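Student: need a structure here:
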Amino acid sequence: MSDWQIDTRLVADSVLLAVVDGIEVRAMASAPWPWLILVPRVSGAVELFDLTPAERAALMDLACRLGERLRHEFAANKINIAALGNVVRQLHLHVVARHEGDPGWPGPVWGRTELPLGDAERSERLRRLRAVAGD
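Tutor: Okay, here's the model as predicted:
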């Protein structure tokens, strides 16, 4: 674990909220949707099967716990949990709260061109996401 480094693109696109059981919980704070990214601090992990069974269980458990909190905090109709990694190979899970009628509904959030949140909305979104990420 000592040689682990987070991909600079994840750092540039997100805000660190917490570290839970060796997993970074990050927010896509300017996205039109409430969106968390979970990054296990495991060197060389690209796929879920690169994790030990215990690491994988911890990641999935955290994704489910945070997904449930997102659903409650943002009254979401659906929580999307996905690992794509086509642009950033480093293993990371996306946990996204979706609402019927949101700007991209029912399509995926990837590759959308909606404007980012303004400063006030971003601050409020970060406050709420920090509350979701806290224990």
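
Student: Could you measure from Val39 over to Arg128?
Tutor: 20 Å (CB to CB, to the nearest Å). Quick note: C-beta positions are derived from backbone N, CA and C, even for glycine.

Student: helices or strands up against the longest helix along the chain?
Tutor: Assignment by DSSP state H gives helix 53-74 as the longest helix of the chain. Applying 3 or more CB pairs under 8 Å, 6 or more residues apart in numbering; DSSP states H and E, one finds that helix 53-74 contacts strand 23-27, strand 35-40, strand 78-82, strand 93-98, helix 119-133.

Student: Would you format those as JSON lines with distance to Val109 and mean pLDDT included?
Tutor: Listed next are these as JSON lines, based on distance: least, CB to CB, whole Å; pLDDT from 0 to 100:
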{"stretch": "strand 23-27", "distance to Val109": "14", "mean pLDDT": "98"}
{"stretch": "strand 35-40", "distance to Val109": "7", "mean pLDDT": "98"}
{"stretch": "strand 78-82", "distance to Val109": "7", "mean pLDDT": "96"}
{"stretch": "strand 93-98", "distance to Val109": "6", "mean pLDDT": "97"}
{"stretch": "helix 119-133", "distance to Val109": "14", "mean pLDDT": "95"}
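
Student: out of these, which comes closest to Arg56?
Tutor: strand 35-40 (8.7 Å; CB to CB).

Student: Describe which strands that closest one pairs with in its sheet and in which direction.
Tutor: Strand pairing for strand 35-40, determined by DSSP bridges: strand 23-27 (antiparallel), strand 93-98 (antiparallel).

Student: and the angle from the last one to helix 53-74?
Tutor: Pointing back at strand 93-98 there. Interaxial angle of strand 93-98 relative to helix 53-74 (axes from the mean of the first three to the mean of the last three CA atoms, to 10 degrees): 20 degrees.
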